[in-house]
Each structure stands twice: as C-alpha cells, then as structure tokens.
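Participant: Sequence first, predicted coordinates after that:
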Amino acid sequence: MTVIAVAQLAPVIGDPEQNRRAAAGAVGEAVSAGAELVVLPELCDSGYVFDSEQEARRLATPADDSPTLRQWQDLAAAGRTVIIGGFCELGGDGRLYNSAALVGASGTLALYRKAHLWDREGLVFTPGGAAPPVVSLPFGRVAVVICYDLEFPEWARLPALDGADLIAAPVNWPAAPCPPGERPAEVVKAQADASVNGVFVAVADRCGTERGVDWIGGSVIIGPDGYPLAGPVLADRPAVLLADCDLARARDKRLNDHNDLLADRRPELYSPVTSGG
C-alpha cells in the first residue's frame, strides 16, 4: 500500500511566503502520517484571482529558479516523499504559465503546463502544448494534470494509455450552484475519470474566499472504481486527506472475464472525436 495525501489550503493572493509556510505545514502533517505522495492545490504559491497579467507576472518565477520548487525539494528530501503542486511560472520565452511540478528529493522530476485554461485564465496565461507527463516512482506511475483539464475525457485517457496508476490534479474549483443532495459536478467528473480509466485520482482543491470568489473545497482521493477513498471535503476549511492506495489495482483493467476497460476500445470508430468532425 502507498499512502497518498491531498492538502486543501487557503492561499493568500500576493503573499508567496505565507503560502509556502501553509504548504510546508500541510506537507509536514501528511508526512507524519506516512504519506509518500502529497498533492497541493493549483497556483498555491501565488493565489489565483489576479487583477491583471502584471500582478501575475510580479508573482511568477522560472521553474529552474523557483523558491517554491526549492522548498518542495527540501520538504521532499526531509520527509522522504514526493510533492506535486501548482505554481505561477515565468517561462523562458517570457510567457506566463499555470504550471504544476512533480518534485522529489533530487529535484523537479516533471513540469506540466495547464493545457485547458478556464475563464479569465486566458487573459493571463499561455496554454501548455504538451500531454500530461507520467513519471515512474518507486511506488507507481503518476501523471499530472491541472483543474479544468479533468473535464476533457481525452486528456485523462492519455495518461491512462501511457500506463499511469494515479492522476494527480492540483485544482482551484470555483463554487457554483449545486442542487440539494448532489455532489458538485467537478467532483463527479473526477470520479468518472477514475472509473472509465481504471486509475486512482487525487485532487487537491483550495478554500478561503479570494477577491469575492468562493471555492468548492472538493479535495478528494478516488479509487479506480470511481468511488472516493477519502473526501470530498466540500467545506471552506483547510484539510489534509490521506488514503492507503494499492496502486497495482490500476494495472488490471479487467471488468470481468470478458471485458477490459482499455482492450475493449475501438479507436477506429472515434475519429469524429479526435478530428472534431
């Protein structure tokens, strides 16, 4: 079994030092409980609701010279864990990216730039152009996506086809009306991603009202059958969720003696999906 953790935090816009302290506290709590992988929210070093591109640019850092990523490396080394989280990246091309990094004791093992930008993000960030990375770790193969990416079935399918056992997703899910008794659609979509691909999904959402925006607080760890193993929190409070995950379960895609989630695919029939026709 591998202990997976997701940390729901309340980042403060424009206060990276405070945000890093909050992240360090959550990682410490997770590590004390035996977590081998800790997922942090989207843009957890900068905050999310920028008033302009200029504000985001002041908070952005290059991936190879980021105080946030250096902190995560130090925390990973001290806690013998791996950290995945979102940060505001200044690319070498001078553009801004809504990015996430997978960081271990030896440094950054993967960098991912959000491909599907939500709402006003497109006024600040450039969309990434690469598929979700899948990294082989001692306990399994882990992929990274960010928030709105989870709502595109093709994007979750790519890492599953690449052998991912777990999809880690730093998110900032804005609150939206939800019928009484129902789970927010964002949580349902993450459960669907897990179920239809037979993978674990670990989502770290945020909390804390920011410039008038509230959040779902939907941090959750989901098994390959689509059912939550921990969470969702669905409350406006910081939280650290943990779950024992047998990641090897994600490598067996058989549903019964006659059906297999991936082997039953018929890609030759799906060309209208991929071509947009």
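Facilitator: Yes, it's here. Residues are numbered from 1 along each chain as shown.
Participant: Pick out the residue nearest the middle of this structure.
Facilitator: Ranked by distance to the mean C-alpha position of the chain (Cα atoms, centre = their mean), the top residue is A169 at 1.4 Å.
Participant: How about the backbone phi and psi for that one?
Facilitator: phi -130, psi 100 (degrees, to the nearest 10).
Participant: let's have the chain start at 58 instead
Facilitator: All right, first residue 58 from here; so that's A226.
Participant: who does it bridge with?
Facilitator: V260 (DSSP bridges).
Participant: you'd agree it is up against V96?
Facilitator: Yes - using Cβ atoms under 8 Å, A226 is in contact with V96, at 7.4 Å. All C-beta atoms are positioned from the backbone trio N, CA, C, and that covers glycine.
Participant: list residues touching both of these two?
Facilitator: Contact criterion Cβ atoms under 8 Å, 6 or more residues apart in numbering; residues shared by A226 and V96: 259-261.
Participant: hang on, the earlier thing: for the residue nearest to the centre of the chain, give me its contacts.
Facilitator: For A226, the contacting residues are 96, 201-204, 206-207, 247, 258-261, by Cβ under 8 Å, 6+ apart.
Participant: try 6 Å this time
Facilitator: With contacts defined as Cβ atoms under 6 Å, 6 or more residues apart in numbering, A226 is in contact with 202, 207, 260.
Participant: Sketch out the low-pLDDT regions of the chain for me.
Facilitator: Scanning the chain for pLDDT under 70 picks out 332-334.
Participant: Can you report how many residues lie near R78?
Facilitator: For R78, the count of nearby residues is 12 (other Cβ atoms under 10 Å).
Participant: State the distance from it to V84.
Facilitator: 11 Å (Cβ to Cβ, to the nearest Å).
Participant: Look at the nearest residue to E267 once chain neighbours are set aside and give its secondary structure.
Facilitator: Nearest residue to E267, sequence neighbours excluded (Cβ to Cβ, 6 or more residues apart in numbering): V106, at 4.8 Å. Classification of V106 by DSSP: H, G, I helix; E, B strand; the rest coil places it in coil.
Participant: G288 is in contact with V277, correct?
Facilitator: Yes - between V277 and G288 there is a contact under Cβ atoms under 6 Å: 3.8 Å.
Participant: rewinding a little: for burial, what's the neighbour tally of the residue nearest to E267?
Facilitator: V106: 15 neighbours (other Cβ under 10 Å).
Participant: Check A242 too.
Facilitator: 14.
Participant: Tell me the spacing between it and D301.
Facilitator: Using Cβ to Cβ, A242 is found at 28 Å from D301.
Participant: likewise A67?
Facilitator: 27 Å.
Participant: May I see the buried residues of stretch 59-70?
Facilitator: Neighbour counts over stretch 59-70 (16 or more other Cβ atoms under 10 Å) mark 59-68, 70 as buried.
Participant: Closest one to S163 out of the residues you listed, please.
Facilitator: Using Cβ to Cβ, T59 comes nearest to S163 of the buried residues of stretch 59-70, at 19.0 Å.
Participant: The closest residue to that closest one other than its chain neighbours: neighbouring residues, count only.
Facilitator: In space, and not counting its chain neighbours, T59 is closest to F196: 4.3 Å by Cβ to Cβ, 6+ apart. Applying other Cβ under 10 Å, we find 18 residues neighbouring F196.
Participant: Check the one 3 residues further on too.
Facilitator: Residue neighbour count, defined by other Cβ under 10 Å, stands at 27 for V199.
Participant: Bridged to it, which residues?
Facilitator: Bridge pairing for V199 - DSSP bridges - gives V192, L223.
Participant: Would you mind measuring from it to A113?
Facilitator: Taken as Cβ to Cβ, the span from V199 to A113 is 27 Å.
Participant: Where does L215 fall, secondary structure wise?
Facilitator: Using DSSP states H and E, L215 sits within helix 210-218.
Participant: Who are the packing partners of that helix?
Facilitator: helix 242-254 (3 or more Cβ pairs under 6 Å, 6 or more residues apart in numbering; DSSP states H and E).
Participant: repeat that with 8 Å
Facilitator: Applying 3 or more Cβ pairs under 8 Å, 6 or more residues apart in numbering; DSSP states H and E, we find helix 210-218 packed against strand 223-227, helix 242-254.
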